[in-house]
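J.: here is my input, please return the structure:
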Amino acid sequence: MIKQALHAVAWRTEKVIDHIRGQRDTRRIIEPYIGYATPDHLVVRGRVLTSVRRNKLKPNQSRWTNFKQMFALFLTDEVANAEVSSSNVAARSDEEGYFTLLLPRDDRTGWIDVEVTVSGEHTTALCPVMIASDEADFGVISDIDDTMLQTGAYSLLRNLWTSLTGNIATRRIFPDALSFMSDLSAGGRNPVYYVSSSPWNLHHFLVTIFDKAGLVRGPKFLRDLGLSKTQFITGTHGDHKGNSIDTLLAANPDLPFVLVGDTGQHDAFVYHDAIKRHPGRIKAVVLREPGPGPDGQSRAVMSKIEKTNASLLHGPTFDGFATQLKPPAKAVNPS
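T.: Take a look at the predicted model:
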């Protein structure tokens with residue numbers, strides 16, 4: 001009862017604030033997210049806001065400045081029910097400003113930019129879309145925190161401190177993650193996707209860190225932490241990751257997948273469930289062991305993964321794992 005009452009108050013408060021903001025600022029701006037492709041569609045994604053915050057990094061700025069800039073990323077003024085369009089296909093943003101456009105797919109592969117317009121506005125945005133190659137050997141779905149990005153997510157306090165007081169210059173990608181993902185992507189032949197419980201507010205922040213470090217580029221599936229009409233935070237950590245995996249396997253029906261994560265947030269549980277839901281589709285599970293390493297429950301689930309048809313690779317780094325995951329060389333027919 002208390003949770004329901006708090007949710008009702010928070011929901012009404014947010015609606016009042018949104019209404020006031022909507023009267024004060026009528027601008028419509030698109031924040032592009034990286035899209036992906038299914039066998040039939042280009043999935044173009046983004047969010048309609050009244051403004052987009054891009055913090056300017058100052059030399060040697062303090063943790064307090066970092067915190068204020070990170071906090072500002074969550075002060076979004078989203079626009080609901082805005083019509084967006086591209087190539088004669090239109091959609092409307094939801095209550096948190098998010099939109100998805102499903103455009104007909106053609107024969108192109110690789111990276112393309114799709115121009116999207118908000119109806120009634122003069123501004124447009126280019127939304128990038130990654131289209132997997134027809135020659136891909138497998139796809140890769142990777143977690144972000146403590147898998148690619150040094151965070152300390154296995155400790156709640158460490159996670160909050162690192163996330164809220166860092167900036168694009170202080171946050172670090174694991175060096176072994178750079179080479180590992182580069183080897184797995186094989187020069188872009190194999191598609192790479194990132195799934196994280198980090199909020200969509202951090203999309204540009206994460207893209208900037210990835211690009212700065214040289215990490216393989218890929219669509220991100222982040223989490224909506226906003227209020228919905230039925231719950232405080234939309235979905236749980238495990239549900240979000242599991243649903244994203246299901247979506248990506250459906251988008252690439254002919255590809256096996258390598259699932260990459262860590263033992264700090266119980267990715268083994270999520271990946272073991274994915275193996276059961278998609279028999280024969282998971283080629284391997286790769287887990288980094290940060291901090292104290294896997295607890296007893298994670299070790300038990302890892303043992304279950306070893307008894308499936310998926311390979312399990314785990315350790316404090318990813319060094320040497322890419323070699324074990326390379327597909328066998330294709331035989332050459334003598335002429």
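J.: pLDDT (mean, whole number) over the helix or strand containing residue 193?
T.: The secondary structure element spanning residue 193 is strand 192-199 (assigned by DSSP states H and E). For strand 192-199, the mean per-residue pLDDT is 94.
J.: also stretch 31-44?
T.: Taken as a whole, stretch 31-44 has a mean pLDDT of 97.
J.: where does the prediction get shaky in this protein?
T.: Under the criterion pLDDT under 70, the flagged ranges of the chain are 1-26, 53-59, 61-73, 153-169, 226-238, 328-335.
J.: try 80 this time
T.: Judged against pLDDT under 80, the low-scoring parts of the chain cover residues 1-27, 51-76, 121-123, 152-170, 225-238, 265, 292, 327-335.
J.: please enumerate the helices of it.
T.: In chain order, the chain shows helices spanning 2-24, 63-72, 156-165, 175-185, 203-213, 237-251, 267-277, 296-306, 321-325, with DSSP state H as the criterion.
J.: can you pull the domain assignment for the protein?
T.: The record's domain parsing of the chain by automatic domain parsing lists 2-130, 139-325.
J.: please give me every residue in contact with residue 126.
T.: Each residue near residue 126 by CB atoms under 8 Å, 6 or more residues apart in numbering is listed here: 32, 113-116. The C-beta positions use only the backbone N, C-alpha and C, and glycine is treated the same way.
J.: can you do 7 Å?
T.: 32, 113-115 (CB atoms under 7 Å, 6 or more residues apart in numbering).
J.: also residue 194?
T.: The neighbourhood of residue 194, defined by CB under 7 Å, 6+ apart, consists of 142, 144, 218, 220-221.
J.: grab the nearest non-local neighbour of it.
T.: Ranked by CB to CB, 6 or more residues apart in numbering and with sequence neighbours excluded, the top spatial neighbour of residue 194 is residue 220, at 4.6 Å.
J.: one more: residue 90?
T.: Leaving aside its chain neighbours, residue 90 sits nearest to residue 83 (5.7 Å; criterion: CB to CB, 6+ apart).
J.: neighbouring strands of the strand holding residue 193 in the sheet, and parallel or not?
T.: strand 139-142 (parallel), strand 220-223 (parallel) (DSSP bridges).
J.: of those strands, flag the one that's most buried.
T.: Ranked by mean neighbour count, the strands paired with strand 192-199 are led by strand 139-142 with a mean of 25 (mean count of other CB atoms under 10 Å).
J.: other residues contacting that strand?
T.: Contacts with strand 139-142, where a contact means CB under 7 Å, 6+ apart, come from 132, 148, 184-185, 190-195, 245, 248, 252, 255, 257-260.
J.: how does it look with 6 Å?
T.: 184, 191-195, 245, 248, 252, 255, 257-260 (CB atoms under 6 Å, 6 or more residues apart in numbering).
J.: same check on stretch 278-289?
T.: Residues beyond stretch 278-289 that count as contacts (CB under 6 Å, 6+ apart) turn out to be 138, 147, 249, 256-263, 271, 275, 305, 310-314, 316, 321, 325.
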